[in-house]
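**Q** Quick one: sequence and predicted model below, then my questions.
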Amino acid sequence: MTKRQLPRPSELKQILRPKPIVLNPTDRRLANAHTIADLRMIARKRTPRAAFDYTDGAAELEDSLRRARQAYRRVEFHPNILRGVSDVDTSREILGKRSALPFAFAPTGFTRMMQHEGERAVGRVAERNGIPMGLSTMATTSIEDLAEAAPGARKWFQLYVWHDHGAGEDLMNRAWESGYDTLMLTVDTPVAGARLRDVRNGLTIPPALTLKTVLDGAMHPAWWFNLLTTEPLSFASLNHFGGTVAELLDKLFDPTLNFDDLDWVRQTWPGKLVVKGIQNVADARDVVKHGADAVLLSNHGGRQLDRAPTPLELLPAVRDEIQTSAEVWLDTGVLSGGDIVAAIASGADAVLIGRAFLYGLMAGGERGVQRCVDILRTELIRTMQLLGVRAVDDLRPTHVTLR
């Protein structure tokens, strides 16, 4: 029979160690986020449905996005042992400059709709962590305002070629004069994809105070208070061109876009050029011949053509085709440091994340974006250590297969 005794106070002290009380509610929320999925859950609770679904959703049946995420679930790692991995180098050269981590913040539209701190917060986190950030043509912070908010960050500008080349040339000139060193030309948007969540939610920019949004707003008063008491939500880089949202989209999404336009951009832009939206080997080869310094394998986060190719599956063939004539980047479906390791090992020079940092932004503003980076960095380092890899540059295809 087991002999029992009352525990001594000294023994209880070793067991009862309550967590420190965190008074700030944002810090308290973020402390409980250990994965990007955790940030997503917090973001969903704190953001009106229309704004959250704009970030979270994709086109039509959302198969492109679902397949991209499933591809990373099919990854099988092949670790090496006895490699001495106490120190891990997470840095990576991206278009001639070293980044502290092998990923960058992708350009995202309407960012201040997700959370009022918007692109400025993202830029400050990018600057603090030594990683690049892309600013969208559809951004809600201007080219110049982001440059002022994050002067030390490496900044890229994403461009849609318009029917009117003069408008695009003006944006390129403004970006170059403001210190942006890379242009990302998006080529997978001849027309807008059918994003059915947005249609069903009746999304407008800025959000309209309909009965539905008022009822939703009652559940998210902080979001509405921040929206209504900060600068108006608008397309900051496009203000001086005027027009409605629909008219601006008609200008931005040009169905006549062709390789002549790419040549014009290459001749006009003095910095590095990335072509974003490549979805087959032949197009990757052709845009490199027309002067691209990097190709970004992307199906636009699943937000354009549903059932489009999965970037991770396309990556090895593109890498084999263009070899070292240009860099190969990848986005869509990346939600963990392990995903980033898998992409780099499969042949990517860099990875872009979008939804991951937007979940962080919605969950906690600038601190939430920083929490996203902290999570990805921790997962990246741990995965590399378990693989027996001491530097990102040492990742190879032998470290990964798709089951």
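**A** That came through fine.

**Q** Would you mark the buried spots in the longest strand belonging to the chain?
**A** In the chain, with assignment by DSSP state E, the single longest strand is strand 272-278. Neighbour-count burial for strand 272-278, counted by 16 or more other Cβ atoms under 10 Å, picks out Lys272, Leu273, Val274, Val275, Lys276, Gly277, Ile278. For glycine as for every other residue, the C-beta is placed from the backbone atoms N, C-alpha and C.

**Q** for stretch 342-353, same thing?
**A** Neighbour-count burial for stretch 342-353, counted by 16+ other Cβ under 10 Å, picks out Ala342, Ala343, Ile344, Ala345, Ser346, Gly347, Ala348, Asp349, Ala350, Val351, Leu352, Ile353.

**Q** Could you measure from the fourth one over to Arg46?
**A** In other words, Ala345. 35 Å (Cβ to Cβ, to the nearest Å).

**Q** show me where pLDDT drops low in the stretch 201-350 of the chain?
**A** Applying pLDDT under 70 to the stretch 201-350 of the chain picks out residues 204-211, 213-214, 217, 236-252.

**Q** let's see it at 50
**A** Within the stretch 201-350 of the chain, the stretches with pLDDT under 50 are 241-246.

**Q** which one of the buried residues of stretch 342-353 sits closest to Asp331?
**A** Proximity of the buried residues of stretch 342-353 to Asp331 (Cβ to Cβ) peaks at Leu352, which lies at 4.0 Å.

**Q** Just read off the phi/psi values of the closest one.
**A** Phi and psi for Leu352, reported as degrees, to the nearest 10, are phi -110, psi 140.

**Q** and the buried residues of stretch 342-353 as TSV, adding secondary structure and distance to Leu315?
**A** Below are the buried residues of stretch 342-353 laid out as TSV (DSSP: H, G, I helix; E, B strand; the rest coil; distance: Cβ to Cβ, whole Å):
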residue	secondary structure	distance to Leu315
Ala342	helix	10
Ala343	helix	7
Ile344	helix	10
Ala345	helix	10
Ser346	coil	5
Gly347	coil	5
Ala348	coil	6
Asp349	coil	10
Ala350	strand	12
Val351	strand	10
Leu352	strand	13
Ile353	strand	16
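
**Q** Check which helix or strand Asp374 maps to.
**A** Assigned by DSSP states H and E, Asp374 falls within helix 355-387.

**Q** buried set for that helix?
**A** For helix 355-387, by 16+ other Cβ under 10 Å, it's 355-373, 375-377, 379-381, 383-385, 387.
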